[in-house]
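In: the sequence and its predicted three-dimensional model are supplied below.
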Amino acid sequence: MQGVLTGFAVIAVVIGVGYAIGRGGHLGVHGREVLTKLAFHVATPALLFTTLAGTDLSLVFSSRLLVTALSTAAAAGVFVAVGVARGWGVGRTTIGALCSSYVNSGNLGIPIAVYVLGDASLVAPVLLFQLLVLTPIALTVLDLSGRVEKGPVWQRLLTPLRNPIAVGSLAGVVVSASGLPIPAPVMDPLTLIGNMSVPAVLLAFGISLCGSAMPGRGPDRGLVLLSVALKSAGQPLVAWALAAGVFGLHGAPLLDVVVTSALPAAQNLFTYASGYGVGERLARDSILVSTVLAVPVLVVVAALLG
C-alpha cells in the first residue's frame, strides 16, 4: 500500500502549500487565475506534447484499454443522462461527466502503478485514451457550447483546434506516429515547461480552497454527490464486471484495470473548468472528495484482487 499512500501524500502536500499561499496572500488576488492560465495555455500543452511524442501509440490497442473505455463511457453516460433530464446545462454537465470518469492517471496513477501494480507503463493506455479521445470530445463540447458568435458549422467545429491543450496533444501524436526524433535543444525546454503543469494545477487548486465552503454543499451538491458516486464506486465496479465477466481477465490484468478505474478524478479537470469559466466549484469539490475516498477504495481493491 506504499504506492497509494505515497501518491496521495505528494498531492496533499502540494495542495497544502497552495492553501498556505492563498491564506497568506503571497501571490495577490489574481494568483490562482495566473497559475490556472499558465497551466492551461502553456505548461499543460507542453506536458502533453512531450508525453505523447515519446509514447508507443500501439499501447492504445488492448483489451485492458477497451475495458477502460467502456467503463469510462458508462460512468460519463449516466451523468450526462441525469444532467439532461435535470436541465443542468451543457457546460456543467460536461464538467460533471468528466469528474465522473476521467481518472488521475498522471501524477497519482504513475506512483500507484509503480508501487501497487509493479509497472508504470500500465497507466500509459489510460493516459493516451483520455488525451486522444476523452479530452478532445469534452473540449469540443465546451468550446462549441461556450461560443456566442455566429458562423458556419464547419468553422465552429474547428474551434477546438485553437485550444492549446488539443493542439499540444495532436502535435505529440503526429510526432510519435512519424517516428522522427526531436532534437534535445527543442525537447528539453518543452520538458522543463511541461514540468510546471502538475505543480501549477495543484497549487491553484489549494489556493481555491481558501475561504470556500465545505465540499458537497450549495447549489452543486447533487452534481457533486452523483459524480463522486460514479467515480469512486460506479466506474471501478463496471470495469470489474466487464474485465472479469466479458473479457475473461483475472489475476494481475484484472487488478490493473480495476485499480486504474478506481483512481480519483484528475486535478487538471479543475484547470479545464477554470479555463472555460464553468463548473469550477463542481470540479473542485468532486476532485477533493473523490481523492479522499480513493484511499480506502484502492486499499480495498488491492486487498480483494491483489
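Out: Nice, thanks for sending it over.
In: now do the helices in the stretch 101-250 of the chain.
Out: For the stretch 101-250 of the chain, the helices defined by DSSP state H, counting those that start in this stretch occupy 109-112, 124-129, 135-146, 153-157, 164-178, 184-194, 197-208, 221-229, 235-241.
In: centre of the chain to the fifth one, how far?
Out: It refers to helix 164-178. Centroid separation for helix 164-178 versus its chain: 18 Å, with Cα atoms, centre = their mean, to the nearest Å.
In: can you redo the helices of the stretch 101-250 of the chain as a markdown table, where the extra columns are mean neighbour count?
Out: Heads up, the C-betas are built off the backbone N, CA and C, glycines and all. Output for the helices of the stretch 101-250 of the chain, formatted as a markdown table (neighbours: other Cβ atoms under 10 Å):
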| stretch | mean neighbour count |
| --- | --- |
| helix 109-112 | 23 |
| helix 124-129 | 23 |
| helix 135-146 | 18 |
| helix 153-157 | 11 |
| helix 164-178 | 18 |
| helix 184-194 | 14 |
| helix 197-208 | 24 |
| helix 221-229 | 21 |
| helix 235-241 | 22 |
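In: mind listing what Gln235 touches?
Out: Counting by Cβ atoms under 8 Å, 6 or more residues apart in numbering, Gln235 makes contact with 71-72, 74-75, 100-101, 103, 261-262.
In: in strands, which of those residues appear?
Out: Assignment to strands by DSSP state E places none of the contacts of Gln235 there.
In: closest to Arg281 among those?
Out: Checking the contacts of Gln235 against Arg281 with Cβ to Cβ, the nearest one is Ser100 at 15.8 Å.
In: tell me, how many residues neighbour the closest residue in space to that closest one that isn't next to it in sequence?
Out: Nearest non-adjacent residue to Ser100, counting by Cβ to Cβ, 6 or more residues apart in numbering: Leu230, 3.9 Å away. Counted with other Cβ atoms under 10 Å, the burial measure for Leu230 works out to 27 neighbours.
In: Leu230 touches Val80, doesn't it?
Out: No: counting by Cβ atoms under 8 Å, Leu230 does not reach Val80; the two are 10.8 Å apart.
In: pretty sure Asn268 sits against Val201.
Out: Yes: using Cβ under 8 Å, Asn268 is in contact with Val201, at 5.6 Å.
In: now do the shared contacts for the two.
Out: Contact criterion Cβ under 8 Å, 6+ apart; residues bridging Asn268 and Val201 by contacting each: 39, 44.
In: quick check, pLDDT for the closest residue to Leu27 other than its chain neighbours.
Out: Excluding its sequence neighbours, the residue lying closest to Leu27 (Cβ to Cβ, 6+ apart) is Ile21, at 5.9 Å. Looking at Ile21, its pLDDT is 95.
In: residues near Ile21, how many?
Out: 19.
In: quick one: secondary structure of it?
Out: Under the three-state scheme (DSSP: H, G, I helix; E, B strand; the rest coil), Ile21 adopts helix.
In: I'd say it and Ile207 touch.
Out: Yes: the pair Ile21 / Ile207 is scored as a contact, 6.0 Å apart, by Cβ under 8 Å.
In: so what sits against both of those two?
Out: What both Ile21 and Ile207 touch, as defined by Cβ under 8 Å, 6+ apart, is the set 27, 31.
In: where does pLDDT dip in the stretch 51-200 of the chain?
Out: 59-61, 107, 115, 120-121, 146-161 (pLDDT under 70).
In: follow-up on the earlier one: quick one: contacts for the residue nearest to Leu27?
Out: Going by Cβ under 8 Å, 6+ apart, the list of residues near Ile21 reads 27, 31, 203, 206-207.
In: with respect to Gly279, which of the helices of the stretch 101-250 of the chain lies nearest?
Out: Going by Cβ to Cβ, the one of these nearest Gly279 is helix 221-229, 8.0 Å.
In: by contact count, what packs against the closest one?
Out: Judged by 3 or more Cβ pairs under 8 Å, 6 or more residues apart in numbering; DSSP states H and E, helix 221-229 is in contact with helix 63-86, helix 90-101, helix 280-305.
In: need the contact list for the residue nearest to Ser100.
Out: 75, 78-79, 100-101.
In: just curious, which of those is nearest to Leu304?
Out: Nearest to Leu304 among the contacts of Leu230, with distances taken as Cβ to Cβ, is Ala75, at 20.1 Å.
In: give me phi/psi at the closest residue in space to Thr291 that isn't next to it in sequence?
Out: Closest residue to Thr291 apart from its sequence neighbours, by Cβ to Cβ, 6+ apart: Pro264 at 4.2 Å. Phi and psi for Pro264, reported as degrees, to the nearest 10, are phi -70, psi 170.
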